[in-house]
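J.: Next input, structure requested:
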Amino acid sequence: MISPMASPSGVAIVGVAMSDRFEPRTELPPSEIVYPVVRDALADAGVSMDDVLSIVSCSQDIYDGRTISSMGVNEVLGGYLRSESKVAGDGLLALLYGAARILSGEYDLTVVVAHCMESISDLHVVENAAFDPYIQRPLGPDDTVAAALQADAFYRASGLGPGDAAEVSARASEHATRNPRAFRRTPHTAADVAASATVCGLLRELEGTPVTDGACALVLASPERAGEGAVWLRGIGNTTDTFWTDRDITDTSALRHAAETASAQSGLTASDCEVVETAARWAHEQLMHLPALGLDAHVDVNPSGGQLGGCPKYVVGLARAVEAALRLREGAVNALVHAPSGIANQQHTVAYLSRERG
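T.: Numbers count the residues shown, from 1 in each chain. Below you'll find the predicted structure:
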């Protein structure tokens, strides 16, 4: 369990931006996806790149089709002659890293940026590379196969089933219709989910996340640079579990540990939050995760539509934080943000955001 700070309440989110819409953009290089997002986040914060000396980027080499994927966007991040470091994980983990930089006292502003280009690669080949190369990889598994095995095991253990996941997907689609950044803007019903194409095992097409590209950025500030209207990071926790074949893939103890860390730091619980933004690449994952966060599995969350509305991997956690920050600016007081990553959700990061510093 990673907790690099006793309390991150001295970290403010002062600028946010996302791609205008998360959708396949194979005609553009990553730099042209990232630049407008960085530009808009800086403008939203009322600062220029000249004011920033610290950048934390988030991306995965294999999705960009190159090694050191941050180098493909470094010039538009402002990384030249500045301290830039890359996180090869979810964007919410990059937020944790950026917060640690602010709390170190070394920097009073840090830009955190995540991008992913899912559409430019063969996702099966990319995802298969994450598996054990000697035994598992030759069998051809990918993230979808692992998710299908997880869904089957979860349904057997919990008594829930594909109908419950279909309801989750239907609710997400209704919310996504009101979010201009979502890719999947046409609402569908639980019956539509059940009638959609089988992807693998019990998984149906409309239960999952569409392939998209995009970027997300936010600007973190010390209290001295925060100003009025800042959103405060009150708590953040991260836990990495063992490899997927070494654990019960229905177990959510790693998420519980991350949530407990964030709650202890912030003094908040899920019941204190008007906004909950949690990531799930497949609808059954949300049914698994909500109880571990202290919520009923069927509660209505993700007013943005969440990841099921369309949001690329590794961007999704930072995007959840931005969506929550926008709701807090509109009047909500507290928000819970969560995102997993890794095969069968090996790693979890949970954060509490608030209009009140605490």
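J.: Going by C-alpha atoms from here, please, whenever you check contacts or count neighbours.
T.: OK.
J.: May I ask which helix or strand of this structure has the lowest mean pLDDT?
T.: Least confident helix or strand, the chain: helix 61-64 with a mean of 88, by mean pLDDT, DSSP states H and E.
J.: That one: what's the following helix or strand?
T.: Downstream of helix 61-64, the first helix or strand assigned by DSSP states H and E is helix 74-77.
J.: tell me the mean pLDDT over the next helix or strand after that following helix?
T.: Next helix or strand after helix 74-77 toward the C-terminus (DSSP H and E): strand 83-87. On average, the pLDDT along strand 83-87 is 94.
J.: quick one: low-confidence parts of the protein?
T.: Along the chain, segments meeting pLDDT under 70 span 1-6.
J.: go with 80
T.: Residue ranges of the chain with pLDDT under 80: 1-7.
J.: Can you show me the strands along it?
T.: Along the chain, counting by DSSP state E, strands occupy 11-18, 54-58, 83-87, 109-117, 198-200, 203-204, 213-221, 231-240, 275-278, 334-341, 347-354.
J.: For the longest one, name the packing helices and strands.
T.: The elements that strand 231-240 packs onto, with contact taken as 3 or more C-alpha pairs under 8 Å, 6 or more residues apart in numbering; DSSP states H and E, are strand 11-18, helix 253-266, helix 316-329, strand 347-354.
J.: let's see 7 Å
T.: On a contact count with 3 or more C-alpha pairs under 7 Å, 6 or more residues apart in numbering; DSSP states H and E, strand 231-240 meets strand 11-18, helix 253-266, strand 347-354.
J.: thinking residue 53 is in contact with residue 84, fair?
T.: No. Counting by C-alpha atoms under 7 Å, residue 84 is not a contact partner of residue 53; they are 8.4 Å apart.
J.: closest to residue 34 out of the strands of the chain?
T.: strand 213-221 (5.7 Å; C-alpha to C-alpha).
J.: That closest one packs against which elements?
T.: Under the contact criterion of 3+ C-alpha pairs under 7 Å, 6+ apart, strand 213-221 touches strand 11-18, helix 30-45, strand 109-117.
J.: quick one: it to chain centroid distance?
T.: 11 Å (C-alpha atoms, centre = their mean, to the nearest Å).
J.: what does that strand contact?
T.: Strand 213-221 is contacted from outside by 11-19, 22-25, 33-34, 37-38, 41-42, 45, 102, 108-119, 312, 315, 318-319, using C-alpha atoms under 7 Å, 6 or more residues apart in numbering.
J.: Tell me how far the least confident helix or strand of the chain lies from the chain's centre.
T.: The answer for helix 61-64 is 17 Å, by C-alpha atoms, centre = their mean.
J.: What residues sit buried inside that helix?
T.: Across helix 61-64, burial judged by 16 or more other C-alpha atoms under 10 Å covers 61-64.
J.: Could I get the strands of the chain in CSV, plus columns for distance to residue 284 and mean neighbour count?
T.: Formatted as CSV, the strands of the chain follow (distance: least, C-alpha to C-alpha, whole Å; neighbours: other C-alpha atoms under 10 Å):
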stretch, distance to residue 284, mean neighbour count
strand 11-18, 26, 27
strand 54-58, 26, 26
strand 83-87, 27, 18
strand 109-117, 23, 30
strand 198-200, 14, 14
strand 203-204, 9, 24
strand 213-221, 23, 30
strand 231-240, 20, 27
strand 275-278, 13, 25
strand 334-341, 13, 28
strand 347-354, 16, 28
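J.: Could you point out which of those strands sits nearest residue 139?
T.: strand 198-200 (14.9 Å).
J.: Partner strands of the closest one and their direction?
T.: Paired strands of strand 198-200, with direction, are strand 203-204 (antiparallel) (DSSP bridges).
J.: before we move on, back to that, kindly reformat the strands of the chain as a markdown table containing distance to residue 299.
T.: Formatted as a markdown table, the strands of the chain follow (distance: least, C-alpha to C-alpha, whole Å):
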| stretch | distance to residue 299 |
| --- | --- |
| strand 11-18 | 26 |
| strand 54-58 | 30 |
| strand 83-87 | 32 |
| strand 109-117 | 28 |
| strand 198-200 | 26 |
| strand 203-204 | 21 |
| strand 213-221 | 27 |
| strand 231-240 | 22 |
| strand 275-278 | 10 |
| strand 334-341 | 14 |
| strand 347-354 | 18 |
